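Asker: Quick check, what structure comes out for this input:
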Amino acid sequence: MAESDQELARDLGFLEAYTLGLGTMIGAGIFVLPGIVAESAGPASMISFVIGGVVALLAALSLSELATGMPKAGGSYYYVNHALGSFFGTIVGWGMWAGLMFATAFYMLGFGQYLLNQPSGALTVILAGLAMTSLLVAVNYRGVKETGSLQNVIVVVLVALITVFIIVGLLNVDTSLLTPFTAGEGWPAVAATAGTVFVTFIGFEVIATSAEEIKDPGRNLPLSMIAAVVTPTLLYVLVMLVSTGTLPVPDLAASDIPVADVAAATAGEFGSLVVGDYALEFATVGSLVMITGAILATVSSANASILSAARVNFAMGRDQILTNWLNKIHDRYRTPYRAILATGAVILALIASPLPIATLADVASFMFLITYALVHVAVVVLRRADPDEYEPDFRIPSVLYPIVPILGAVACLGVMVQMQWQVQAIGVGIVFVGIAWYQFYAKDQAISTTLIGEAVAPLEESADREDEAYRVVVPVANPATQRPLLKYAAASAASQDRAGELVAVNVIEVPPQTSPAQIEFEEQRVERQRQLLENARDIAGDLDVAIRTRSIVGRNAGDSILAVLEEEEADHVLLGWSGERRRRDVLFGSTIDPLLERAPCDVTLIKDPADSPGEIVALAGTGPHAATSARRAGELRRAFADGTLTLLNVQPEPDGTDGEPADEDPTDPEAIGRETIAAVAEDAGLEDEEYEPRVVVADDVTEAVVETAVEYRTVVVGATGTGTVAQALYGSIPQRIVERSDGTVVMARGEQRAPRTFRQALIQRLEG
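Answerer: Numbering: from 1, shown residues only. Presented below is the predicted three-dimensional model:
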């Protein structure tokens, strides 16, 4: 079989993709912009947010089609580059990188404002922004796997805080403050302000950038992008309504912490709570809560933007528009450290520059408006060219095409021409930098692209199979145990009534700071993966068993293997097990635990697999997986000529007997043990001649089980349970056997779907 193509694990569902985008959009904009936009557009600034939301929604529809048709790292840059060519690709790549860096500088100055309650130009605010940026760059350089989970927690907290802010604020809105509705230059100012607020809508771009990792992208990608635009649009409009309806526009414009001041004013209506001699002012509480929210939001947004900027660097390097020097992966941390450092250096320079905070936001918006205008053009070009391989999972509905891309492109240009000339000058300057870079470097270096070449993701293998094979998935990672694992898997497949097939899988894990596609720069890990899977094919050839191999790059090996099991409709997954519990927060391992809990098929763990199992003992008790463990033991006994099988049952010493003969006494432990063994053997499909029964009677059942089992070369035991409740059981008999056995230990779990938690059920419902 030919070597399998590298895959990226699809481990992001609707909720994960939605929060990924929302985490970037619920940021500095909602906390810092109210004062800035109120000054220029008055209460009508809420209309500016509506305009920005509509422009973003149109872009989200076009991006959804492109992202599902070309799911590659790089987002808008990649789509434009491969639809319109490297000239426009270079412009968009430089524009996105610059836009993300300007946006991050804006977020960090907003962070300093709320932290210190001082103007964005104050030295202390600038120093605070520089310090926090340096910390975030260091975190991304180091690669902290838990940042994704922390980001989700921050998003939930922020949405809760803003919702409470809106509910309380709406109760105290003074409608007289909403007139005059427009300020300054009237409605033209509202249109211009739409450009300023657009920086808050760039988060959904992060979702498109991660298209390769999203489950069921035809459904989840457009839904998550639309939801990630609509949610903040509604929140921003309501925040502006509360803000301009609580404080006069001049007061709001003069505030360095506008949302906190509004919260103080609205909460202050509830007075104070006196406890003894201490009075708790609700105004102070409201202000401090929103300051905390602003700090969390700005840090979260900046972190996501730094990560996205590094991915744009990678995508440009992949197409040789930028030098691959930037894409060097750190030997220890596995992160694109040079791209992260370069991005961080520019952000620090922007924070320290004399550019006002509003200009930073405007330039970021300007660059993304250029990008999305070209994205709309790319959709039209691809639709008209209609390349054979361009088959997006989501297409803009026919009733909306070509209205959406045409209206979207015009809207982007319309907002841009309304922006201040200084912003336009900086934006055009960045475009010229991109053009110059193309002329003097990228034009000769860039990989030639066409609409039907690398721009289109390969079609997935057809799900139609000539037969319904018994499919055993075997994750391989250790060359020393690879052969016996595949032999044991082949033994399982050979014992079935239908044809057997093995699927050997190897997963390379990367941290969130690294795009999974960047694994191509880690030649040693890729070569090791290739060699492992090549060896698997050779071993399968020796065993005369059908095999396919899959090489996967993902963020979590357990989740990646679970996805493979679902895609392959696997009957059985068999994998190696170290037998050691290295961390308190896991039972068998961070990869194995999710499989034991959620795998929709049989699961077998094997510690120290030998070339031949020799004398096999299976624990034939009353546990939920006793029959499965006996079945696994029977498969091994049939496959290996020198194998023998004993079914072991241990019974407690009876409290006493009534004098009846042992073979007539229904409480006789020997009789109970034999009946239990016979029932397990029948459930496992074992014939009488295939095994020897053995019953042991002892005072200490657990100790007797372990002591007797370790006499054999191979011990097969059923998993004692699943989920948190069974942790103690998991660590009892199997773990004690592992600790005392010098041979092979096999732990088997049958097909058993654990009851879903509310969260799991909710996710399944949302993901269809």
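Asker: in stretch 106-124, what counts as buried?
Answerer: Neighbour counts using 16 or more other CB atoms under 10 Å place 106-115, 117-118, 120, 122 of stretch 106-124 among the buried residues. Every residue, glycine included, has its C-beta placed from N, CA and C.
Asker: Lowest-confidence entry in these?
Answerer: pLDDT across the buried residues of stretch 106-124 is lowest for Ser120, at 85.
Asker: Nearest residue to it in space, ignoring adjacent ones along the chain?
Answerer: Spatial nearest neighbour of Ser120, excluding adjacent residues (CB to CB, 6 or more residues apart in numbering): Ile357 at 4.0 Å.
Asker: Give me the pLDDT for that neighbour.
Answerer: 90.
Asker: repeat for the one 3 residues further on
Answerer: The predicted local confidence for Leu360 comes out at a pLDDT of 93.
Asker: before we move on, what about Val173?
Answerer: At Val173, pLDDT is 86.
Asker: Make sure Gly121 is actually in contact with Pro356.
Answerer: Yes. Here Gly121 reaches Pro356: they are 7.3 Å apart, a contact under CB atoms under 8 Å.
Asker: pretty sure the residue nearest to Ser120 is touching Leu33, no?
Answerer: No. Applying CB under 8 Å as the test, Ile357 and Leu33 come out as separate, 9.6 Å apart.
Asker: Looking at those two, which is more packed in?
Answerer: Under the criterion of other CB atoms under 10 Å, the comparison of Ile357 against Leu33 puts Leu33 first, with 29 against 25.
Asker: tell me which element the more buried one is part of?
Answerer: helix 28-41 (DSSP states H and E).
Asker: hang on, the earlier thing: report the separation between the residue nearest to Ser120 and Leu486.
Answerer: Ile357 is 60 Å from Leu486, where distance means CB to CB, to the nearest Å.
Asker: now the strands for the stretch 251-400 of the chain?
Answerer: 272-275, 278-281 (DSSP state E, counting those that start in this stretch).
Asker: show me the contacts for the residue nearest to Leu127 when sequence neighbours are not counted.
Answerer: Excluding the flanking residues, the one nearest Leu127 by CB to CB, 6+ apart is Gly112, at 7.7 Å. With contact set as CB atoms under 8 Å, 6 or more residues apart in numbering, Gly112 has these partners: 118, 120, 122, 124-129, 132.
Asker: Those residues in helices, which ones?
Answerer: Applying DSSP state H to the contacts of Gly112, the entries found in helices are 124-129, 132.
Asker: Which of the helices or strands spans Leu63?
Answerer: Using DSSP H and E, Leu63 falls within helix 45-69.
Asker: what pLDDT, on average, does that helix get?
Answerer: On average, helix 45-69 scores 89.
Asker: before we move on, what about stretch 307-319?
Answerer: Mean predicted lDDT for stretch 307-319 stands at 76.
Asker: From here on, call the first residue 49.
Answerer: Yep, numbering from 49; the last one is stretch 355-367 now.
Asker: What is the distance between it and the centre of its chain?
Answerer: Mean-position distance between stretch 355-367 and its chain equals 18 Å (CA atoms, centre = their mean, to the nearest Å).
Asker: Now do the contacts for Leu184.
Answerer: Residues near Leu184 by CB under 8 Å, 6+ apart: 347, 350-351, 354, 392.
Asker: Going toward the C-terminus from the least confident helix or strand in the chain by mean pLDDT, what's the next helix or strand?
Answerer: Scoring the helices and strands of the chain by mean pLDDT, DSSP states H and E places helix 775-778 at the bottom, with a mean of 38. Next in sequence after helix 775-778, counting helices and strands by DSSP H and E, comes helix 781-788.
Asker: Over to Arg742. Which of the three states is it?
Answerer: strand (DSSP: H, G, I helix; E, B strand; the rest coil).
Asker: Then Thr652?
Answerer: strand.
Asker: Report how many residues lie close to it.
Answerer: Residues near Thr652, counting by other CB under 10 Å, number 26.
Asker: contacts for stretch 682-690?
Answerer: Taking CB under 8 Å, 6+ apart as the rule, stretch 682-690 contacts 535-536, 538-540, 542-543, 660-662, 664, 691-693, 732-734, 738-739, 762, 764, 794.
Asker: for stretch 86-99, same thing?
Answerer: Stretch 86-99 is contacted from outside by 82, 85, 225-232, 235, 237-242, 244-245, 248, 281, 284-285, 288-289, 291-293, 297, 300-301, 306, 463, using CB under 8 Å, 6+ apart.
Asker: try it again with 6 Å
Answerer: Contacts to stretch 86-99, defined as CB atoms under 6 Å, 6 or more residues apart in numbering, come from residues 85, 226, 229-232, 237-238, 241-242, 245, 284-285, 288-289, 292, 297, 300-301.
Asker: sorry, back to before: for the contacts of Gly160, give me TSV that also has distance to Pro642.
Answerer: Shown next, in TSV, are these (distance: CB to CB, whole Å):
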residue	distance to Pro642
Gln166	47
Ser168	45
Ala170	49
Thr172	46
Val173	44
Ile174	45
Leu175	44
Ala176	40
Gly177	39
Met180	34
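Asker: Flag whichever of the residues you listed scores worst on pLDDT.
Answerer: Minimum pLDDT for those is recorded at Ser168 (85).
Asker: quick one, what contacts that residue?
Answerer: Ser168 is in contact with 157, 161, 405, counting by CB under 6 Å, 6+ apart.
Asker: which one's the longest helix in this protein?
Answerer: Selection of the longest helix in the chain by residue count, based on DSSP H, yields helix 330-366.
Asker: How far does that one sit from its chain's centre?
Answerer: Relative to the centre of its chain, helix 330-366 is centred 18 Å away, using CA atoms, centre = their mean.
Asker: surely Ile139 meets Ala484?
Answerer: No. Using CB atoms under 6 Å, Ile139 is not in contact with Ala484, being 10.6 Å away.
Asker: If you count surrounding residues, which of these two has more?
Answerer: Between Ile139 and Ala484, counting by other CB under 10 Å, Ile139 is the more crowded of the two (26 against 13).
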